[in-house]
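Q: Kindly generate the corresponding structure for this input.
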Amino acid sequence: MRILAIIMAMFLLAPAALGDTVVEKSSKTEFPASITLKGPEGEVNLNALGTGLRKKAIFKVYAGCFYVDATAKMGDDPAAAAIGGNFAKRIDMHFLRDVGGDKIAGAFREGIQKTLHGHDEQVEAFCGLFTEEVKKGESIVLTYLPGFGLVAEQAGEELGTLKEGHVISALWATWFGDDPISDDLKEGMLGI
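A: Predicted coordinates:
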């Protein structure tokens, strides 16, 4: 675990705002329009592609912003690129209410299993990272860097890294797949 912390300190992930902000309109949540990540290959500039709101029944759960490498080619199918593109990307989920760790883990598990259709030890290990309640105003940030994996953070603290490509793709499909958690959120975060 100490080695992972040293690697994280060397390579990741304190964003530096480069400019203006983008706003999720319904919640008025602001996100940086651009961020810079320090990765294994040096700095990577990411641009906000879009924002959206995750609602559950009548409750606003989180405002989300999806970032992609400024040089990424999204092509004719931005959803497919968001899921399978091998470029730096990030989802920032800014919570608008308190949500228990068990609810977060369950939501990730349910979303991933829509794609994987079954039990997977790596899925359980990833979902097991989310044990603490997310407080209103805190964020969960998921960042993928090619050749490194996907890093999960909660309230500014690194929780762990996911390396398994099939689980990473299934995780992105939670938002951008054929059966996303919210069509409005999908379209908003893809900027379509």
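Q: and stretch 101-120, which residues are buried?
A: Across stretch 101-120, burial judged by 16 or more other Cβ atoms under 10 Å covers G101, I104, A105, A107, F108, R109, G111, I112, Q113, T115, L116, D120. For the C-beta atoms, the positions are set from N, CA and C on the backbone; glycine is no exception.
Q: so which helix or strand takes in the second one?
A: Put plainly, it is I104. Assessed by DSSP states H and E, I104 sits inside helix 101-116.
Q: following that helix, which helix or strand shows up next?
A: Assignment by DSSP H and E places the next element after helix 101-116 at helix 121-127.
Q: Name the residues of that following helix that come out as buried.
A: Applying 16+ other Cβ under 10 Å to helix 121-127 flags Q122, V123, F126, C127 as buried.
Q: What is the nearest of those residues to L150?
A: Comparing the buried residues of helix 121-127 against L150 with Cβ to Cβ places F126 closest, at 8.5 Å.
Q: secondary structure element for V23?
A: strand 21-24.
Q: Which positions within that strand qualify as buried?
A: Quick answer for strand 21-24 (16+ other Cβ under 10 Å): V22, E24.
Q: Give the pairing partners of that strand; include direction for each.
A: With DSSP bridges as the test, strand 21-24 is paired with strand 29-32 (antiparallel).
Q: Helix or strand next in line after the strand it pairs with, which one?
A: That would be, after strand 29-32 and using DSSP H and E, strand 34-39.
Q: Which parts of this protein are helices?
A: Assigned by DSSP state H, the chain shows helices spanning 2-11, 78-84, 101-116, 121-127, 165-176, 183-190.
Q: With distance to A48 as extra columns, can I get the ones you listed in CSV?
A: Listed next are these as CSV, based on distance: least, Cβ to Cβ, whole Å:
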stretch, distance to A48
helix 2-11, 22
helix 78-84, 13
helix 101-116, 22
helix 121-127, 25
helix 165-176, 14
helix 183-190, 9
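Q: ok, H94 touching K136?
A: No: in this structure, H94 is not within contact of K136 by Cβ atoms under 8 Å, at 9.6 Å.
Q: neighbour count winner among the two?
A: Legend: neighbour count by other Cβ atoms under 10 Å for H94 and K136, higher for H94 (21 against 11).
Q: ok, that one - contacts?
A: Applying Cβ atoms under 8 Å, 6 or more residues apart in numbering to H94 gives the contacts T29, F31, Y62, A63, G64, C65, G137, E138, S139.
Q: Does the fifth one have any beta-bridge partners, and if so which?
A: The reference is to G64. G52, M93.
Q: That one: how many residues sit nearby?
A: G64 has 25 neighbours, counted by other Cβ under 10 Å.
Q: Looking at stretch 114-121 now, give me its mean pLDDT.
A: Computed over stretch 114-121, the mean pLDDT rounds to 84.
Q: Equivalent analysis for stretch 86-106, please.
A: 97.
Q: now do stretch 165-180
A: For stretch 165-180, mean pLDDT is 96.
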